[in-house]
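Undergrad: 3D, please:
(3 chains)
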Amino acid sequence: MAGSYQPLPRAGDTCQLPLMCLLPPWAPPPSSFCLSSFRSQPRNPTLPFCTAATHSNADNESSLFRFQDVHAMVFVGFGFLMVFLQRYGFSSVGFTFLLAAFALQWSTLVQGFLHSFDSGHIHVGMESMINADFCAGAVLISFGAVLGKTGPAQLLLMALLEVVLFGINEFVLLNLLGVRDAGGSMTIHTFGAYFGLVLSRVLYRPQLEKSRHRQGSVYHSDLFAMIGTIFLWIFWPSFNSALTALGAGQHRTALNTYYSLAASTLGTFALSALVGEDGRLDMVHIQNAALAGGVVVGTSSEMMLTPFGALAAGFLAGTVSTLGYKFFTPILELKFKVQDTCGVHNLHGMPGVLGALLGVLVAGLATHEAYGDGLESVFPLIAEGQRSATSQAVHQLFGLFVTLLFASVGGALGGLLLKLPFLDSPPDSQCYEDQVHWEVPGEHEDKAQRPLRMEEADTQA
Amino acid sequence: MAGSYQPLPRAGDTCQLPLMCLLPPWAPPPSSFCLSSFRSQPRNPTLPFCTAATHSNADNESSLFRFQDVHAMVFVGFGFLMVFLQRYGFSSVGFTFLLAAFALQWSTLVQGFLHSFDSGHIHVGMESMINADFCAGAVLISFGAVLGKTGPAQLLLMALLEVVLFGINEFVLLNLLGVRDAGGSMTIHTFGAYFGLVLSRVLYRPQLEKSRHRQGSVYHSDLFAMIGTIFLWIFWPSFNSALTALGAGQHRTALNTYYSLAASTLGTFALSALVGEDGRLDMVHIQNAALAGGVVVGTSSEMMLTPFGALAAGFLAGTVSTLGYKFFTPILELKFKVQDTCGVHNLHGMPGVLGALLGVLVAGLATHEAYGDGLESVFPLIAEGQRSATSQAVHQLFGLFVTLLFASVGGALGGLLLKLPFLDSPPDSQCYEDQVHWEVPGEHEDKAQRPLRMEEADTQA
Amino acid sequence: MAGSYQPLPRAGDTCQLPLMCLLPPWAPPPSSFCLSSFRSQPRNPTLPFCTAATHSNADNESSLFRFQDVHAMVFVGFGFLMVFLQRYGFSSVGFTFLLAAFALQWSTLVQGFLHSFDSGHIHVGMESMINADFCAGAVLISFGAVLGKTGPAQLLLMALLEVVLFGINEFVLLNLLGVRDAGGSMTIHTFGAYFGLVLSRVLYRPQLEKSRHRQGSVYHSDLFAMIGTIFLWIFWPSFNSALTALGAGQHRTALNTYYSLAASTLGTFALSALVGEDGRLDMVHIQNAALAGGVVVGTSSEMMLTPFGALAAGFLAGTVSTLGYKFFTPILELKFKVQDTCGVHNLHGMPGVLGALLGVLVAGLATHEAYGDGLESVFPLIAEGQRSATSQAVHQLFGLFVTLLFASVGGALGGLLLKLPFLDSPPDSQCYEDQVHWEVPGEHEDKAQRPLRMEEADTQA
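TA: Next comes the predicted model:
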C-alpha cells in the first residue's frame, strides 16, 4: 500500500503524522514538535506511531476506527450499564460522562508525560486517545463500586488521583517490567476494580440500610442497562485489539475475545438458571457476568490462546462471575464491609485476576515455533533473546502483584481523601437518589401535570 | 505492513494470517495449521482470506470493522427490535443474546466443517466470524416468529437444528449451485423467515387468546424497539457488503443498500398513513417495514442494480411489507394458523423472496460491458465462460426453491422436536410474559417500595 | 497520500470506483458513466474520489466506515436526542427517520447536480453518501426548532426547500468562495439553526401555552435522550473528519474535536451546577450544551488549532451554550417571539457562529511553516499562492454572512410556505402530542390493562 513504496525516513526527518503538542498557539510551529524518537517505549512498538512516513495512510486511518469502537464502549457501554438503578439513571449516565471526559483529558497529560514526553512536548495522536480512553475505563470501573454513595466532587477527586496511579502502574508494568497486557486484564480491570473496592471499604456506610429500597432496578431501567451490556459485549474484540500489532496480532486478539465472550454468555445463562429460584434467570447476572469473558482474556487474547483456550476461559469466567454475584457479594458486604454497588468484584476483579494468571500461563508456553514471525510483536523481549518464556511468565505474575499493590494503597488513600467533609457526600438516607444532584422532572411546579399517564390525559381531554 | 514488500507466497508457504484452529492447546503449533488451500470455495473468493502474504495488513484489518458493524446489527439491532412487547423485554433482548451467542459458536463449527475444513482442522478468522454472525441473524429471524411462545430450552434446540440446516443450505447454494447471495436475501432472510413460520405453524396454539392482552406494546417499549430499528437500518449497508469484493464491489453494495433503505422508509410512511385510521401512522410499520429495503436488495445489491433500481426495489418492498402487516398478518393467523409474533413474514419472508427474484432478474441481465473487470468478482462463472447470464439466472431461481424446501422441511421437523414435553413450553395464559423465565424487579420483598409494579397495576385494574 | 506516488490518470480513463449514475437500467452501461473530470471542484479535492485506479482499495474501503459513523450520528444521535419530550417520542424519532431518509435522497440529486454532474449524469459514491448525510443533519437541526409544532407534511415541505438552499449555500461557500468548513460550523450548524429559528419565528404561536404542560420531559424520556447525546458525542470526531484529507489531516481533525468535546463537557457540568438551584444539574444542559464543543470546532478542527486551542474553544462553547439555555431561551421566546423547542440556538446557532469566527482567526494565522506539506490539503489556494492567509480569513468571514443570509431568507420563505392551510398543522392545544400523528398504544381497547403509571403507583404507595 501507498507509503510502503518509499524509503525509510532519514534520522531527523520530521513526522508527517498529526502529532500536535499540548501547547498554546504562541509556541513554535508544530513542524518542529514531532521528533521521531520517544523517551520511553510506547505500549506497542509495532503500532505505527510517530515512525511516520513508512506507514501508509490506510494504517493510520484505521486507528481512527479502532478509537471510535473503544470510545463507544467506554461512553455508551459503561454509561448505560450502570443505569440499572431505579432512581439513579441521570447520575449513572451523567457522572459517567463527566468522569470519563475529565479522566481522558487528565490522562492525556499524565500518560503523555510518562510515555511520549520529549523536549518539553507531549506527543498526542490516535494512540494517546485510545490509551486515555482505557484509563477512563478503569476510572469508570472504580465508579461502579461506589455508585450511588458519592457526589460529583468526590468522584472528580477520585479520578484525579486514580488517573495518576493508573498511569504510573501502567508505566511500571509495560515499560519497566516488560509485561504484556493488550486488553488490560491487569492495568485496567484488576486495577480499577480493587482501587474502587478498597475505596468503597474505607467509605463503608453502616447505615446504608436506609437507602436499600432504592438499590434495586425497575423494569425499564434493566432494559436501559442492557444497552450498556450489549455495547460492551459487541465492541470488546475491538477494545482488546485496539493497540495490538496490525494484521495477524489484531485478528487473533479479536477472535479470542469473540470466542471467550460467546462462551461466557452461555456459562452465565446456564449458571443463572441453575442458582435461580424455580430456574428463573436474573438480569443482574446477564447484564454483567456475560461480559466476564472479555475481561478474562484481556492479557492473553493477543497470545496463542487458541479458540479452545478462549472458549474454556470465557466459560469459566462467566460461571465464576455469576456465582460471585449470587454468593460472594453478600459475604463481601457482611464480612468484609465492602459495599460493591455494581458488583465490580465479580465482573472486573475476579475475572481480571484470572485473566492475569491466564496470561502468566500462556506467556510461559510461548515458543518461536508457535508464534513464528509474530513473536516479535507479542513478546519482543523473548524474540530478541533477552528473556526466556519462563522469565516472561514470572514478570507477568509480578506485574499482577504490583497492580494489586498500587490499587490497594491508592484506593485506601483515595478513600481517606474522599472523607474530607467539604466534598458533600450524600447522607445515608439519600443514596442511590438522583434528586440530590439533579433537577428531576416532575419535582416542582409541574408536579401536578407529571405524566406518563396517557390514559388519564386522554380522559381529561 | 511487511507483506507488501514480499514476493508472492510460494506454493506451500504457511499462512501469515491469524488463522487458528479450533484445537486444544496441546495440538501441534499453529504455524502448521494454516495451509493456503481450502477444500471448498469460500463465499467470496476475492476476500483476502488465507491467501496470505499477498494482501496487506490494511485489507485484513478493515475486515475487523466490517465484522463489528455486522455484530452491532445482530446483537443491538435484532435484540432491541423485539423489545416492543410490553412484558417480554427481558426475554426479547436476553434470549436474543443467548441464542446469538450459541448460534455463532455452533455455526463456526458447522460452517467451518463445510467451508474451511482441511487436514482435520477448521480454519477461522474474520470471515468465519462474519459468516457465523450471518447465521445467528437467520436464527434470530426465526425467533421473531415464535417470540413469546417458547422457552429457552426450546429455542436452543431450534438453534441447534437451524444452524446445521442453514449451513447445508448455504453450502448447496453458494458452493454447489454457484448462486450469488451477498446480503443473504435467500440464505438468511427467506430461510430464517420460512423456517420460523413453518415451525410456528406446527406449534399453533388455538388458545393463545388468553395471552392476547400482553401482545401489544407500551409507549416506552416502542421507543426501545426503535433503537433496534435504527441500528439495523444504519448498519445494513455494511451487512450486505461485509463479504463482497473489496473496492468497487463493496461500495456498489453499500450504495444500493443505502438507496433501497431510504426509499423503503418513504414507502412505509406513505402506506402507513394511507391505511391508518385518520391518517395516523403505526409504529409497527415504521419499526419493521422501513427495513424491508435492506432485505430486498440482499441478493442484488452487489450487482449492477443501479440507484434507480435500488430506489424502486426499496419503495416496493416498503409498501408490500406495510400492506402485509395491515392485511396479511391477520389472514395468516386465521386462515393458515401461523401466529407470527413479529411479522417476520412481512419483514423477511416476502421481501426475501422478492429479493431473490430481483437477483434472478439482475443476474440474467449481466454483461461483460456492464461490469467490466468487476464481473470476475460478482459472477466468476460467467466471467470464466462456464455459464451464460441466463444460466446464472436459472441457478439463482433454483436456489430460491432449494432454500424454501430446506426452510419448510426444517421448520416442520423443528416444530415436532420442540413439542417434546420436557422442553418446558410456557402455558397459553403465560405467553409474552417475562416472569415465567426471569426474576422481574418488584416481584418480591421490595414490593412495598417504588413503582412500576406492573403486577399491582394489573391486579388493581 | 497514496495516489500521489502514481501517475495521474490519463484523460479519458474510465473510473474503477463504484460510481453509478442515478439512471434507470436501460441507460448505457456504467463503465461509460464515470469520467475522471468533475465540472465543479468536490468538497475536498484530496479525497480519493473518481480519480480512480490510482487509489488502493484500502483507501476506498475506509470511506465506508467513515460513512457508517456519520450515519450513526445522524440517525441514532439526532433521532434520540429529541426524544426528551414526554409525549412526543414517537414523532421525534419517527419524523427524524422520515425527514432524514427523504433529505438524503433529495440531497443526492441536488448536491449531485451542483458538485458532480457531468455529461447528463450524476456521479454517486461514498462521498455523496456522506455529503447527503451532512445535509440531512442540517434539516434535523431545523426540525429541532419547530419540534412538536409541525405535522409531517409541513416537515417534508420544509426539507424540500431546505435541501435546495443547503446545496446552493454549500456550493457558494466551498466552490465559489473557496471557504474551508470540514465539519460544517457554517454550512451545517449555522445554516440549519438559523433556517429553523427564522422559520419558527414566522410560525409563532401566541397560544402555545395551551400545550405547555407537555413541553417537559419525564424520567425515562430523559434517559432515551441521553442515548442521542452520547452517540452524537462519541462519533463527532468521525463526523468532522469524514471528508478531510486522509492521514494527518483526518487525525488532526479527530484529535481537535475530541479535545473540544471533552472540554465542553466539563464546562457544561460546571456552569449547570453554578446556575442551578442548590447547585443541582439540569439534564437539558448535559444533553445539549456538552455537544457544543463539536460544533465550535467544525470549521477549524482540520486546521492547526492545537490541543490548547481546541480545549479552550470547547470549554467556551460549553459555557456559552449552558448560559444560553438558562437565560437566553426565555428571552428569545418573550422578546423575539421565537419558540425554539430544542434550544437549537444554544447548541447549533451560537456555537456555529463562534466556530465560523474561530475559523476566520485560525485561517488568518496559517503559514507554510505551521502546516508543512499539509497546507496543500487544508488551504489549497494559499499553498498555490493564489491567496494570502488574510485573504482566506476574509473569505471565511464572508462565508458566514452568506450563510446567515441564505438561512434567514430561506427560513422566512419556508415559514410562509408552511402556513399554507392544507398542510395540517396541529392545533395549539395539541402540540408536543404523539396522538395527533400516531396510533399510540393503550389508546383503545387495551386501555384497562395499561401499566407503567409511575405517579399512580407512587400515590398509592
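Undergrad: from here on, contacts and neighbour counts on C-alpha atoms
TA: Fine.
Undergrad: how close does residue A:365 sit to residue C:270?
TA: The gap separating residue A:365 from residue C:270 is 52 Å, by CA to CA, to the nearest Å.
Undergrad: the strands in the stretch 1-150 of chain A, which residues?
TA: Secondary structure of the stretch 1-150 of chain A by DSSP state E, counting those that start in this stretch: the strands cover A:117-118, A:121-122.
Undergrad: any idea which of the ones you listed scores lowest on pLDDT?
TA: Between the strands of the stretch 1-150 of chain A, the lowest average pLDDT goes to strand A:117-118, which shows a mean of 76.
Undergrad: Return the residues of the stretch 151-300 of chain A in contact with chain B.
TA: Residues of the stretch 151-300 of chain A lying close to chain B (CA under 8 Å from any CA of the partner chain) are A:213-214, A:216-219, A:223, A:226-227, A:230-231, A:234-235, A:238, A:246-252, A:254-255, A:259, A:262-263, A:265-266, A:269, A:279-283, A:286.
Undergrad: Please, a ChimeraX command that selects the buried ones among these?
TA: Those of those that count as buried under 16 or more other CA atoms under 10 Å in any protein chain shown are selected in ChimeraX with:
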select /A:213,214,216,217,218,219,223,226,227,230,231,234,235,238,246,247,248,249,250,251,252,254,255,259,262,263,265,266,269,279,280,281,282,283,286
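Undergrad: Could you list which of the residues of the stretch 151-300 of chain A next to chain B belong to strands?
TA: Using DSSP state E, the members of these that fall in strands are A:281, A:282.
Undergrad: Among the residues of the stretch 151-300 of chain A next to chain B, which are located in helices?
TA: A:219, A:223, A:226-227, A:230-231, A:234-235, A:238, A:248-252, A:254-255, A:259, A:262-263, A:265-266, A:269, A:283, A:286 (DSSP state H).
Undergrad: since we're on residue A:332, how many residues are nearby?
TA: Look at residue A:332: counted by other CA atoms under 10 Å in any protein chain shown, it has 18 neighbours.
Undergrad: quick revisit: and among the strands of the stretch 1-150 of chain A, the most buried is which?
TA: strand A:121-122 (a mean of 21; mean count of other CA atoms under 10 Å in any protein chain shown).
Undergrad: helices or strands up against that one?
TA: When contacts are defined as 3 or more CA pairs under 8 Å, 6 or more residues apart in numbering or on different chains; DSSP states H and E, strand A:121-122 packs onto helix A:89-115.
Undergrad: got the strands of the stretch 1-150 of chain A as JSON lines, with distance to residue B:111 columns?
TA: Shown next, in JSON lines, are the strands of the stretch 1-150 of chain A (distance: least, CA to CA, whole Å):
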{"stretch": "strand A:117-118", "distance to residue B:111": "49"}
{"stretch": "strand A:121-122", "distance to residue B:111": "49"}
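Undergrad: quick one, what contacts residue A:410?
TA: Applying CA atoms under 8 Å, 6 or more residues apart in numbering or on different chains, we find residue A:410 in contact with A:161, A:162, A:165, A:195.
Undergrad: give me the element the third one is part of.
TA: With the criterion set as DSSP states H and E, the secondary-structure element containing residue A:165 is helix A:152-170.
Undergrad: Spell out whether that helix and chain C are in contact.
TA: No. Helix A:152-170 does not reach chain C (CA under 8 Å from any CA); its nearest approach is 9.9 Å.
Undergrad: how far off helix A:89-115 does that helix point, in degrees?
TA: Helix A:152-170 runs at 30 degrees relative to helix A:89-115, counting by axes from the mean of the first three to the mean of the last three CA atoms, to 10 degrees.
Undergrad: Need the residues that contact helix A:152-170.
TA: A:95, A:99, A:102-103, A:106-107, A:110-111, A:114, A:135-136, A:138-139, A:143, A:187-188, A:191, A:195, A:402-403, A:406-407, A:410, A:414, A:418, A:423-425.
Undergrad: And these, which of them are buried?
TA: A:95, A:99, A:102-103, A:106-107, A:110-111, A:114, A:135-136, A:138-139, A:143, A:187-188, A:191, A:195, A:402-403, A:406-407, A:410, A:414, A:418, A:423, A:425.
Undergrad: low-confidence ranges in chain A?
TA: Residue ranges of chain A with pLDDT under 70: A:1-61, A:442-461.
Undergrad: From residue C:113, how far off is the spatially most central residue of it?
TA: Geometric centre of chain A, nearest residue: residue A:137, 3.2 Å, by CA atoms, centre = their mean. Per CA to CA, residue A:137 is found 46 Å from residue C:113.
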